[in-house]
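In: Prediction below, plus the sequence it came from.
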Amino acid sequence: MVFVLFIFLLYLRYRNIQLKQDVVRRRESAKQREREAHLRLLKMQQCLVRDIHDGLGGIAANLAFTAILARKETDVTKKNNWIEKLERLAAEANTEVRDLMNSLEESTMRWGDLIAAIRRSAEVLFDPQLTTVRFNIADVPADEELGLVEGMSLSQLIREGMNNIVKHAGASVVEININFYGDFVSIDIDDNGCGFDAESVRKGRGLKNFAKRSAELDGVFEISSENGTHLNMVLIRPIRIVVTEAINDEVEQ
């Protein structure tokens, strides 16, 4: 009887230790999930602020610079060209604000919303008398949610690609292809412009920023220059902001 009681007490002690260890593991797991959620929220806030800054901030700076050039220009034809550019920039800013407000009101963005926003941006960015823009989009899961920050970040990335064409390519034809297959989406932006010098691109900030933005969306991209510029991004669906070690270091400091 004493031996049985002894074994029973040992079992209770062992069971108690197991329960305590289980509680500790659960608490540690909860803390880890809380930490990951905090890091993700921080990263999303950083991306949102950056995208608003790069989008509206860039347009505002461009507006100011163009207005200065227009005011100083004495040639009537050139002055009118600067004024036309001001009108396009103002329209771009209006489109950007409208898309931002719509996304914030919905608290999310869907693929259908993103593609509609890209089409509106292309209409504003490209002069139809100078550049023909072709969209080839297949099998769009229009109602599939991207997430607010993910959608805005991807939208800004594609806008940046189109903006670079306007500024540097001198292209007469631009093709934007978006294809969905399985758990992936492939985005191609091609033009028939002047291309680029590989060495100067490697040294520039534009390519690094593009690579960083793509990596933040857990995607990869390639760029080549042959009979124009060809940019390809492949992203995993559903698209999610990636929390990098750099963000962990910032929080820990």
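Out: Yep, that arrived. Since the model is a prediction, treat every value here as computed from it, not as a measurement.
In: What segments of the chain are strands?
Out: 132-138, 173-181, 184-191, 219-225, 229-236 (DSSP state E).
In: So for the third one, what gets flagged as buried?
Out: In this case it means strand 184-191. Using 16 or more other Cβ atoms under 10 Å as the burial criterion, the residues of strand 184-191 that qualify are 185, 187-191. To be clear about C-beta, it is placed using only N, CA and C from the backbone, and glycine gets the same treatment.
In: T95 against S121, yeah?
Out: Yes - between T95 and S121 there is a contact under Cβ atoms under 8 Å: 6.1 Å.
In: So for those two, which sits in the more crowded spot?
Out: Neighbours were counted for T95 and for S121 using other Cβ atoms under 10 Å; S121 has more, 21 against 18.
In: nearest spatial neighbour of that one, skipping sequence neighbours?
Out: R159 (5.3 Å; Cβ to Cβ, 6 or more residues apart in numbering).
In: Next, the contact list for the one you found, please.
Out: Contact partners of R159, counting by Cβ atoms under 8 Å, 6 or more residues apart in numbering, are 55, 118, 121, 125.
In: residues near the first one, how many?
Out: So that's G55. For G55, using other Cβ under 10 Å, the count is 22.
In: give the contact list for it.
Out: Contacts of G55 (Cβ under 8 Å, 6+ apart): 96, 100, 156, 159.
In: Any chance of the contacts of R159 in TSV with pLDDT as columns?
Out: As requested, those are exported to TSV (pLDDT from 0 to 100):
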residue	pLDDT
G55	71
I118	89
S121	84
L125	81
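In: Make CSV from the residues you listed and add distance to I176 to it.
Out: Below are those laid out as CSV (distance: Cβ to Cβ, whole Å):
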residue, distance to I176
G55, 18
I118, 7
S121, 10
L125, 11
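In: Out of those, which comes closest to F221?
Out: I118 (16.3 Å; Cβ to Cβ).
In: Skipping adjacent residues, who's closest to that closest one in space?
Out: I158 (5.6 Å).
In: And that neighbour, how far from V174?
Out: Using Cβ to Cβ, to the nearest Å, I158 is found at 12 Å from V174.
In: With A60 instead?
Out: From A60 over to V174 the distance is 25 Å, taken as Cβ to Cβ.
In: Same drill for those two, tell me which one is more crowded.
Out: V174 (25 against 13).
In: can you pull up the bridge partners for that one?
Out: V133, D191 (DSSP bridges).
In: any idea of the pLDDT on it?
Out: pLDDT for V174: 94.
In: G151 against S107, yeah?
Out: No - between G151 and S107 there is no contact under Cβ under 8 Å: 11.0 Å.
In: Name the residue in those two with the higher neighbour count.
Out: More crowded of G151 and S107, by other Cβ under 10 Å: G151, with 22 against 8.
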